[in-house]
Structures are given as C-alpha cells and as structure tokens.
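[1] could you look at this predicted model? Sequence included:
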There are 2 protein chains.
Amino acid sequence: MEPVLPSRGRKGDAVARILTAATAVFSEAGFGGTRVDEIARRAGVNKATIYYHIGGKETLYGEVIRSVIGNVAEKILAGVKEDQPPEEKMKTYIRSIIMTIENNPRMAPIMMRELASGGAHFPPVVGRDIARIIGTLTDILEEGVKKGIFISTVPFILHMMVIGSLMFYRASAPVRAKLEWIPEVVKQLSAGINEEVAGEIEKLILRAISR
Amino acid sequence: MEPVLPSRGRKGDAVARILTAATAVFSEAGFGGTRVDEIARRAGVNKATIYYHIGGKETLYGEVIRSVIGNVAEKILAGVKEDQPPEEKMKTYIRSIIMTIENNPRMAPIMMRELASGGAHFPPVVGRDIARIIGTLTDILEEGVKKGIFISTVPFILHMMVIGSLMFYRASAPVRAKLEWIPEVVKQLSAGINEEVAGEIEKLILRAISR
DNA sequence: ATGATAACTAACCGGTTAGTTAAACCGTTT
DNA sequence: AAACGGTTTAACTAACCGGTTAGTTATCAT
C-alpha cells in the first residue's frame, strides 16, 4: 500500500499559502483583530478553501502558533556542544535565540500577544520546549559556577532577561521609527538585531553573570 | 457570566467605572477581542452611557492607553534625586519601573500588545515619556562612566533589557502556572515581582554595567 | 472516454457587534 | 409644580463576520 500522493495541487500549494497569509495577519492584528476573509484574500484563495483544508479560525490559529513557536528548543539548543566551555555555550544560547527571532520576524509579535493573553493557545510542545531550554540553561550556569567563572543566579529570570530584551528590542522597531520626540540616536538604531546590537546584548548578559 | 449589580451610588463615577472595566477587558482580550457590551456589563452601565460620556470603542481604547501608559515618565523618574551617586540613581530607576509595573497589573499585557501592533494607538505623550526616560538613563550612564564605575553602553538597549525582563517575567506568570512540563522550580516563582525577583534583576543589571 | 474523487468557488446564512435613537429619569431652577 | 437639562436606559438597526452549502473544475484510475 503505497502512500497517497498529495501532489495533486495545481497552482501551488494552497495550504502553504494559507498558513503564510494567516501567520502574517495574526501577527499584525492578533486573534481577535483577524478576519478570516482577510487571510483568504491575502492567500489568493476562497474562504471556503481554508475551512476545507484546515478548519475554523481557532484551528488555523493553533497551526500558526505551532509553526511559529513550536519546536524552537531544537533550533536554540542545536548549537550548544558538550565540549564547549560554559562561556561559549552561553554565547551560543544567546546567539541562537537571536537567530531564531531574526529568521522569524512574525515570532516576536505573536509570542508577545500570546503571553499577554496568558498563553491561551500554547500547544503542549511549548511547555516542553521551555522546560528543555531552562534545563539546558541551568546546566550551563551550574557548570560555570562549578568552574568559578559564573555567579549563581536564577536561570528562569536570566532566560526572561534574554528573551525579553531581544523581543522588546525587535518589537519596538516600528514604534521607534514612528513616534515623534524619540531621540535621534534611538531612531538610528537598526530595526533588526544586527551584529552591533547582538554583540552589545551578549556582552551585557555575560557581564551580568560573570565573576 | 455572573450578573453585575447596578451599584447605583453616585452618577459621577460612571465614567470611572467605565474606564476601570474597559482597562480590564482590553488588557484581557486586546482591542479586537473586546466587546463594548462586555465593558458596559462589567461597569454596570448601559452601553449607550459609554457612547454618551466617552465615545466609540477606539476613543475608549485611547483613553485606556493614555491612563495606563501615559505620563509614566513622571512616576519613574520622580525618585531619581540629583545628589545620589549614579549607582543609586540606577537602582532607583529600576525599582521605580518595578513599582510602576506592580502597581498596574494591567500595564504589562496592554503594553506588550501595543508593541506587538507597532504602537498603533500610542498617544503623543508616550513618545515624550520614552524620550525623557532614555534621556535620564543616558545621563545616569554618562555620569557613571565619567566617575569610572560604569562601562559605556547603549542606553536604549539597556532600557529594553530592564523593561523587557520585567514585563516578560510579569506576563509569563499565568503561563508558568498553567503549562505542564514546566520545571517545578519555575512554577514556584511568585507571580508578581517580589523582593527576591526584584533584587535579582537589579543585581544582574548593575553587574552588567558596572566596571 | 467515463466515473470517482479531491480541490476549489460563489453565494448565502444567521448570530454577533458597534453604534443610534427616542423616551424616561431625576435633581435643580424658576 | 412645572419647566429644564444633564444623564441613563431599553430597544433598535445596519454592517460585519465566522462558518456553510450547493455546485463547479481539475486530476487520476480504469
């Protein structure tokens, strides 16, 4: 019994286009502000096609959440090699989070809104991901403490510090660009997390925990 | 949905009740997810009363934003006295932000959602507030650098670090409590920013910038 | 070709929601 | 006590929006 070929799609995969459009609209307007018709319009697809392939608005949102903040632990922890010194592991952890956020510009707004609503739509995998990341961070810190190069601190607070700094920096870009009265120096900061910003945050975090 | 008693005391506080209810609903559900009828129900007021006193949903939201994140600079910078050493000023700045967030539990979700949507509803005063805060922070840092106790860094990034850490910590409380798989140690952290957490963040930030 | 099936669409449906209206309410003034 | 005006309300409406349906088109196996 060979698997059924799903490649029956004619003009490009509708499901992929729907998910892309949905990710964009949800990240811009939030769940409540999103209109299914708008997603259909941007995907170039009839609204009924969304219901045919995926399901209702809620299901669609769940899929978007899963694709955007599901299985992030894998990506973030992939680079942390066992034979590195803790300081290097720490740098890798920070840089991996930066890469994840930069490769996924839709992630910051979605994550922030989800957090604001108490993670009402977080799939189970998110909990496990957080657990894995905190676990690894705890190991790195412990190893550093044992080797006398890190101070002892609360891993979760440090994690919130890294994630929070980066997401707030990233998400504040449109505000920085738009608002009057903002100092010129601030306006000139890059929208994305470029090497200068990344290096600065990495430096500050490492200084915070280094002996 | 339990019925809300009319609480027909004095009529003057209708506006206050409306604003309180609106702040709650907007912070829980976001702009798109908020129903004006729900605000009216919680305020114990007929919907038309909202339109009579304040105006439409958009105007009401604007008022909420203004009351929640308008004129925060005053509160945050009030304690920073000119005759303190820069390290003390820095501590005051951090503690003031913590107090502001803790005294307004609705602030974190609203702020995060606003940031997620590019600050579409930020009133002009927010820009000026940010400018004032960044300005003062820049002064504190410069003074510290001059006295040889702080390293040179980008004030805005540091500000994002403080705000981001605190807001993420605060906003993640419901998620921490709810999700499975989250380490027990993390679950036991207090929902609010208590003295232990505040002290830890203050310590980390000061370590990050101290020579 | 032909029938079966998957993919897609235009048009529609009914509950919901922001916003309106006209009348009622009530303390104050005359 | 009647007129008055700011305030509140029940009832209403028009538009919106998530979801459905009936029907069409494309693809494939035989």
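    Sure thing, it's come through.
[2] centre of the chain to stretch A:40-47, how far?
    Centroid displacement of stretch A:40-47 relative to its chain, using CA atoms, centre = their mean, to the nearest Å, is 26 Å.
[3] please disregard the earlier target; I meant stretch A:166-179.
    15 Å.
[4] in that stretch, what's buried?
    Buried positions in stretch A:166-179, judged by neighbour count with 16 or more other CB atoms under 10 Å in any protein chain shown: A:Leu166, A:Met167, A:Phe168, A:Tyr169, A:Arg170, A:Ala171, A:Ser172, A:Ala173, A:Pro174, A:Val175, A:Arg176, A:Leu179. All C-beta spots, glycine's among them, are computed from the backbone N, C-alpha and C.
[5] for B:Thr34, see how far away the fourth one is.
    With distances taken as CB to CB, to the nearest Å, A:Tyr169 is found 28 Å from B:Thr34.
[6] do the third one as well
    From A:Phe168 over to B:Thr34 the distance is 24 Å, taken as CB to CB.
[7] right, is the helix or strand hosting A:Leu60 up against DNA strand D?
    If you go by DSSP states H and E, A:Leu60 is part of helix A:57-69. Yes - using CB under 7 Å from any atom of the strand, we find that helix A:57-69 touches DNA strand D at A:Lys57, A:Glu58.
[8] buried sites along the following helix or strand past that helix?
    Where DSSP H and E defines the elements, the next helix or strand beyond helix A:57-69 is helix A:72-78. Applying a neighbour-count criterion of 16+ other CB under 10 Å, the buried positions in helix A:72-78 are A:Val72, A:Ala73, A:Ile76, A:Leu77.
[9] send me helix A:72-78 as PDB with only the CA atoms.
    Extracted in PDB, the C-alpha atoms of helix A:72-78 (Å, rounded to 0.1, in the frame of the first residue of the first chain):
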ATOM      1  CA  VAL A  72      12.000  26.100  19.000                       C
ATOM      2  CA  ALA A  73      14.100  24.300  21.600                       C
ATOM      3  CA  GLU A  74      15.600  22.100  18.900                       C
ATOM      4  CA  LYS A  75      16.900  25.100  17.000                       C
ATOM      5  CA  ILE A  76      18.000  27.100  20.000                       C
ATOM      6  CA  LEU A  77      19.900  24.200  21.700                       C
ATOM      7  CA  ALA A  78      21.300  22.600  18.500                       C
END
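[10] mind giving me the packing neighbours of it?
    helix A:86-103, helix A:124-146 (3 or more CB pairs under 8 Å, 6 or more residues apart in numbering or on different chains; DSSP states H and E).
[11] nearest to DNA strand D, of these?
    Between DNA strand D and those, the shortest separation by CB to the nearest atom of the strand is 21.9 Å, and it involves helix A:124-146.
[12] and the closest one with helix A:86-103, angle?
    Angle of helix A:124-146 versus helix A:86-103, following axes from the mean of the first three to the mean of the last three CA atoms, to 10 degrees, is 150 degrees.
[13] check whether A:Thr34 really touches A:Phe26, as I assumed.
    Yes - between A:Thr34 and A:Phe26 there is a contact under CB atoms under 8 Å: 5.3 Å.
[14] shared neighbours of the two, which are they?
    A:Tyr61 (CB atoms under 8 Å, 6 or more residues apart in numbering or on different chains).
[15] A:Leu204 contacts B:Val162, doesn't it?
    No - using CB under 8 Å, A:Leu204 is not in contact with B:Val162, being 10.8 Å away.
[16] in chain A, where is pLDDT below threshold?
    For chain A, the stretches with pLDDT under 70 are A:1-12.
[17] contact partners for the most centrally placed residue in it?
    In chain A, the residue lying closest to the centroid (CA atoms, centre = their mean) is A:Met107, at 4.1 Å. Residues near A:Met107 by CB under 8 Å, 6+ apart: A:Val68, A:Ile69, A:Thr100, A:Ile101.
[18] now A:Asn104
    A:Val68.
[19] next up, phi/psi of it, please.
    Main-chain dihedrals, A:Asn104, degrees, to the nearest 10: phi -130, psi 80.
[20] how much space between it and A:Glu143?
    Separation of A:Asn104 from A:Glu143 (CB to CB): 29 Å.
[21] OK, contacts around the closest residue to A:Ile149 other than its chain neighbours?
    Nearest residue to A:Ile149, sequence neighbours excluded (CB to CB, 6 or more residues apart in numbering or on different chains): A:Arg211, at 5.7 Å. Counting by CB under 8 Å, 6+ apart, A:Arg211 makes contact with A:Gly148, A:Ile149, A:Phe150, A:Ile151.
[22] skipping adjacent residues, who's closest to the third one in space?
    If I follow you right, that is A:Phe150. With sequence-adjacent residues excluded and distances taken as CB to CB, 6+ apart, A:Phe150 is closest to A:Gly144, at 3.0 Å.
[23] isn't that neighbour up against A:Ile209?
    Yes - counting by CB under 8 Å, A:Ile209 is a contact partner of A:Gly144 at 7.3 Å.
[24] how about stretch A:28-43, does it reach chain B?
    Yes - against chain B, stretch A:28-43 shows contacts by CB under 8 Å from any CB of the partner chain at A:Glu28, A:Ala29, A:Gly30, A:Phe31, A:Gly32, A:Gly33, A:Thr34.
[25] hmm, who's touching that stretch?
    A:14, A:17-18, A:20-22, A:24-26, A:46-47, A:49-50, A:57, A:60-61, A:109, A:113, A:117, A:121, B:29-34, B:113, B:116-117.
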